[in-house]
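Enquirer: pasting the structure only:
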């Protein structure tokens, strides 16, 4: 977690210096995504699938599936005998 925070700090410093020296923010975004794709293929792919799934499903379905997965992974307990 500490290394991740240092990575974010480095990214912010590089971004600030690049923008200060006149780089277009559009170009910076393209470079950032290209670097992220090359260095962290899995998180970028997961994020892409997340947005595709978000586009083709409803919020209700998403909440229901999250609850079902939480029950299956035993992160939530369901007691059908209680009214609330």
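Expert: Thanks, I have it. From a predicted model like this one, the values you see are computed outputs, not experimental measurements.
Enquirer: For the chain, name the helix or strand with the lowest mean pLDDT.
Expert: Sorting the helices and strands of the chain by mean pLDDT, DSSP states H and E puts helix 41-56 at the bottom, at a mean of 73.
Enquirer: For that helix, give me every contacting residue.
Expert: 33, 36-37, 62 (C-beta atoms under 8 Å, 6 or more residues apart in numbering). Backbone N, C-alpha and C define where each C-beta goes, glycine included.
Enquirer: Stretch 2-17 now?
Expert: 28, 32.
Enquirer: Mind listing what's buried along that stretch?
Expert: residue 15 (16 or more other C-beta atoms under 10 Å).
Enquirer: if you average pLDDT over that stretch, what comes out?
Expert: Throughout stretch 2-17, pLDDT has a mean value of 84.
Enquirer: circling back: quick check: next helix or strand after the least confident helix or strand of the chain?
Expert: Where DSSP states H and E defines the elements, the next helix or strand beyond helix 41-56 is helix 59-72.
Enquirer: Now do that following helix: distance to the chain's middle.
Expert: Remark: helix 59-72 is offset 18 Å from the chain centroid, using C-alpha atoms, centre = their mean, to the nearest Å.
Enquirer: tell me the angle that helix makes with helix 41-56.
Expert: With axes from the mean of the first three to the mean of the last three C-alpha atoms, to 10 degrees as the basis, helix 59-72 and helix 41-56 are set at 130 degrees to each other.
Enquirer: before we move on, back to that, a markdown table for the contacts of helix 41-56, including neighbour count and secondary structure?
Expert: Putting the contacts of helix 41-56 into a markdown table (neighbours: other C-beta atoms under 10 Å; DSSP: H, G, I helix; E, B strand; the rest coil) gives the following:
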| residue | neighbour count | secondary structure |
| --- | --- | --- |
| 33 | 11 | helix |
| 36 | 14 | helix |
| 37 | 13 | helix |
| 62 | 12 | helix |
